[in-house]
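**Student:** I need the structure of the sequence given here:
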Amino acid sequence: MMLIEETAVPEAALPVDQFKAHLRLGTGFADDDVQDAVLQSFLRAAIASIEARTGKVLIERVFSWELIAWRTGYGQALPVAPVKAIEEVVLRHTSGSEVIADPAHYRLEKDTHLGRDEQQESVHYTVDYTTGIVTFLHPPNAGDAVTAGFEFDVPVRFDTDRIMVSVASFQAGDAPNVPVVEIRV
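**Tutor:** Sure, this is the predicted structure:
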């Protein structure tokens, strides 16, 4: 399985000015755009790190995804969420020939983070997407395990006062390690 980012996070979406204020850059740096490219790379690294750990896309962009085989006959979980649309599904035969699948043969289900267990929405449960309430059409038996995942925002801050980077490593394409710590409110 390979997930490829086809479009980058737009520069306008990166909060560079807020990042400068957060870092409290010394005199001359905060008002200067010289460091903007480095700060943008830090922000992109932080976004990539958070997205990799959570499986959640923070800023909308286009991805392509290559898959060797379906996990089950029922469906395939996508590696990231939320997904707004699937543009096309291309089936590639081992001979190299490709066929674009008919959109009538696949669908995108909203990401509810419910454990599947071959359960189907509207057959086994309903979801109110405005409130997040899941209602079982037939309640589980006493002692049956019910699992669910939840989406929530966690405020974080950078774990260090300094991010060490050199021009040589930046030009070589190295992304710095940007550790974050959860802020307990």
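
**Student:** In this structure, spot the helix with the most residues.
**Tutor:** helix 36-54 (DSSP state H).

**Student:** Could you list the buried residues of that helix?
**Tutor:** L39, S41, F42, L43, R44, A45, A46, I47 (16 or more other Cβ atoms under 10 Å). Any C-beta I mention is one placed from the backbone N, CA and C, and that applies to glycine too.

**Student:** Now pLDDT and distance to E60 too, for those residues, in JSON lines please.
**Tutor:** Below are the buried residues of helix 36-54 laid out as JSON lines (pLDDT from 0 to 100; distance: Cβ to Cβ, whole Å):
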{"residue": "L39", "pLDDT": "90", "distance to E60": "21"}
{"residue": "S41", "pLDDT": "90", "distance to E60": "20"}
{"residue": "F42", "pLDDT": "91", "distance to E60": "21"}
{"residue": "L43", "pLDDT": "91", "distance to E60": "16"}
{"residue": "R44", "pLDDT": "90", "distance to E60": "15"}
{"residue": "A45", "pLDDT": "90", "distance to E60": "19"}
{"residue": "A46", "pLDDT": "89", "distance to E60": "17"}
{"residue": "I47", "pLDDT": "89", "distance to E60": "12"}
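
**Student:** what's the closest of these to D161?
**Tutor:** F42 (13.3 Å; Cβ to Cβ).

**Student:** That closest one and F19 touch, don't they?
**Tutor:** Yes. F42 lies in contact with F19 (Cβ atoms under 8 Å); the separation is 7.4 Å.

**Student:** Next secondary structure element downstream of the lowest-mean-pLDDT helix or strand in the chain?
**Tutor:** Least confident helix or strand of the chain, by mean pLDDT, DSSP states H and E, is helix 167-171 with a mean of 65. Downstream of helix 167-171, the first helix or strand assigned by DSSP states H and E is strand 180-182.

**Student:** Break down the protein into its strands, ranges please.
**Tutor:** 2-5, 63-66, 90-92, 98-100, 125-128, 133-136, 156-158, 180-182 (DSSP state E).

**Student:** export those to TSV and tack on mean neighbour count and mean pLDDT?
**Tutor:** Formatted as TSV, those follow (neighbours: other Cβ atoms under 10 Å; pLDDT from 0 to 100):
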stretch	mean neighbour count	mean pLDDT
strand 2-5	11	86
strand 63-66	12	89
strand 90-92	11	88
strand 98-100	9	92
strand 125-128	13	78
strand 133-136	11	81
strand 156-158	13	76
strand 180-182	12	79
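
**Student:** Dump those strands into CSV; add distance to V83 as well.
**Tutor:** Below are the strands of the chain laid out as CSV (distance: least, Cβ to Cβ, whole Å):
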stretch, distance to V83
strand 2-5, 11
strand 63-66, 9
strand 90-92, 17
strand 98-100, 19
strand 125-128, 16
strand 133-136, 20
strand 156-158, 24
strand 180-182, 25
